[in-house]
Every structure is written in structure tokens, then in C-alpha cells.
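Enquirer: Provide a 3D model corresponding to the input given below.
(one chain, ligands or ions: 2)
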Amino acid sequence: MKKDYSSLKIDRSEITPKSLYLSRRDFMRGAVLAGGAAALVACLPKESSTGTTASSVTPTEPANTYKDELGDSANSFYQITHYNNYYEFTTNPQGVAGLVDKFPTSPWEVQVYGLVNKPKTFTVADMISLFKPEERVYRLRCVEGWSLVIPWIGFPLSKLLYAVEPTSAAKFVRFETITDTLDMPGQNDRSFPWPYQEGLRMDEAMHDLTILATGLYGGGLPTQDGGPIRLVVPWKYGFKSAKALVKIELVDSQPATMWNTIAPNEYGFYSNVNPNVDHPRWSQATERRIGETDRRPTLMFNGYENQVADLYKGMDLKVNF
Ligand SMILES: Nc1nc2c(c(=O)[nH]1)N[C@H]1C(S)=C(S)[C@@H](COP(=O)(O)O)O[C@H]1N2
Ligand SMILES: [Mo]
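Expert: Ligands and ions are numbered 1, 2, ... in the order given. Below you'll find the model as predicted:
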């Protein structure tokens, strides 16, 4: 928190690690399989469903080679692109995929500004060539109690922040999603305070696990998953991971976030995955991995405790939920 990030230089060798681009063909293979699985849509599990789940109808997919750090296999491309929370389109997770076709993801610019020495507007292509996205297989735990394992392609947000040189006054980062009421039907619902906004403390934003994702399953980032660029913070509830980013602002105080603005008693600023702190309306102790029937225990910090617990030393996580 007290670090002056402007004094840190980018070492070229550091920003060009073994970047991992899977071949376009592997991605297309995934897409073809996904097409073949189109009839499964009605079988995707709902919270209340007791019948068939996607796991029982996907045996034709090849053994999944993507595993996260805990050894969990990635969800299928189909599951990842057909069970989405994206309220700018619809509040129905199974309805997003059918509404995204006309949404233009190019050209696209992200403005990075605020308490920085070198504000800059980046195209997605700029960011990909400067910051070299690589593969990161992460668990995503929605506050509503479902989870997915997603093989993202992304780069640490810290690389982008170092490039704009935050001043010592920068304490938080504010993220803002695009406003596009023509192509995003849900944004016409004025009961939400659009645009979608999120925020991170500076040390959370600089953490190596925090990435900007520009793809998944070795290909581009599907619109329903936040294409062309979205935040991913794997130890926090999914809503922190804002999609379709257009603004990243370095600020000196804790920014307002959409969910905290709507229901401050239900969604705190930190939003760390924590099985010991229940949502006021439901338990957070377990979760249902999409495609599975039995619930799994939810892990502290979504299983990333070793990497991130230090960030919250001395904080009461029941107060700072
Ligand atoms: N702009 C925007 N970003 C968003 C959301 C949203 O409604 N709008 N939903 C969030 C929630 S609640 C979750 S769980 C994740 C879901 O990501 P996924 O659909 O890629 O799995 O996106 C998050 N990012
Ligand atoms: Mo969510």
C-alpha cells in the first residue's frame, strides 16, 4: 500500500515470459465441439434442477487437458460460454449467449488515467503486443453459489499499471465497463446504476494473480465472457471480474462499485471468497461446479489462500467482507 509504484521500472525480460499461444486450430476444434453440444442448452443445471446435468451429457468431449492449480479440470468451452452472468445483456445466465452476436468488440480502446505519470489509451492489440498474454487456468466462484474452471489467456494487470506509472497518491484502481444501450439490452433497465463499475485496492491490483483476460481456451475472448477484454481476480467473487472494460482509473480513495451501491449490506468492497462469512440471504459454505450434481465445499479465498492471505493480515474479514 505504501509502495510508490512509479519508481518501479519494467524489465523487458520480465514482460516477455514464455507466452503461450495455442494454435488457432485447437481453438476451432473446441468451437466445433461446442457446436456439436448445442442441444445441451436445456440440460445446463439450474440451481433448482434435480435432473440431468451437463456432466452426464458431455462424454464425447476428449479428456480435458486444462487443469487448475488444484488439479480440477476446466469446464468445457460450451459451459463457459453458455452460463454467464452479464447483466448488461440479461439477468438470465443461460440467455446471454443468444444476445451477444451484434455487440461490436472491435475497434476497442481502454483508457488508463488518473493518478499516473503517463496516462495512455491502449487498443486491445496494443496491450496484447506489449504485455504478452499467457495461459492461466483459474477457478471462478460466483457469489450466487456456482463455479467454473476457465483456461484464460491474459496478462497481469500490474504490467499495464507499471507502464502508466502510478504516482504515490494512487491507492485504488477503478474499473468501468462500456456503456452501449443499443447493443446491450439490459442497460436499458434503469434500476441498475450503469455503467458497471468495480474497484481494487492497489496491492490487490498489483498482485500477480490479477489479470486482464483477452482470451480463453487458446482463442479470443467470447463476448459473453467479457470480450474483448475483462478483469479476472480469482480469489474474489465473480462479480469483481468486470467485463468489457473501457476505463481503468487510478484513484486515491475507495471507489464506488455497482454491487456495493445497489446492496451495501450484501456486497462489500472486498468480496473475497470466504466460506465462513455467509451472504445475508444464503450460505457461502458450498458451491456447485457447473456440470456437476453434488456441491463442493467452497475454499477460503477460492483456494488461493497461500498466495493472497497476506494482503488481508490484521483485517477483520467479517467486517471487511
Ligand atoms: N460488465 C459486467 N461484468 C461482469 C458481470 C456483469 O453483469 N457485467 N457479472 C459478473 C459476475 S456476477 C460473474 S459471476 C462473472 C461471470 O463471468 P463469466 O460469465 O465469464 O463466467 O462476471 C462478472 N463480470
Ligand atoms: Mo456472480
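Enquirer: ok, P255 touching Q197?
Expert: Yes. Counting by C-beta atoms under 8 Å, P255 does reach Q197; the two are 6.8 Å apart. Bear in mind the C-beta positions are built from the backbone N, C-alpha and C, glycine included.
Enquirer: Spit out the residues that contact the two alike.
Expert: Common neighbours of P255 and Q197, using C-beta atoms under 8 Å, 6 or more residues apart in numbering, are R174.
Enquirer: Buried residues, stretch 137-152. List them.
Expert: If you call a residue buried by 16 or more other C-beta atoms under 10 Å, then stretch 137-152 has these buried ones: 137-152.
Enquirer: now the end-to-end length of it.
Expert: Between the start and the finish of stretch 137-152 there is a gap of 6 Å, counting by C-alpha to C-alpha, to the nearest Å.
Enquirer: Going forward, count from 41.
Expert: All set: I'll call the first residue 41, so the last point we hit is now stretch 177-192.
Enquirer: That one and ligand 2 in contact?
Expert: Yes. Contact between stretch 177-192 and ligand 2 is present through C182 (criterion: C-beta under 5 Å from the ion).
Enquirer: Can you tell me the closest non-neighbouring residue to the residue of the stretch 241-361 of the chain found nearest ligand 2?
Expert: The nearest approach of the stretch 241-361 of the chain to ligand 2 comes at G278, 3.7 Å away (C-beta to the ion). Excluding the flanking residues, the one nearest G278 by C-beta to C-beta, 6 or more residues apart in numbering is C182, at 4.3 Å.
Enquirer: Can you get me a residue count around the residue nearest to G135 when sequence neighbours are not counted?
Expert: Closest residue in space to G135, ignoring its immediate chain neighbours: F129 at 7.3 Å, by C-beta to C-beta, 6+ apart. Counted by other C-beta atoms under 10 Å, the residues lying close to F129 total 23.
Enquirer: ok, now the one 10 residues further on?
Expert: Neighbour count of L139, defined by other C-beta under 10 Å: 19.
Enquirer: what mean pLDDT does the longest strand anywhere in the chain have?
Expert: When the chain is parsed with DSSP state E, its longest strand is strand 186-196. Model confidence over strand 186-196 averages 98 on the pLDDT scale.
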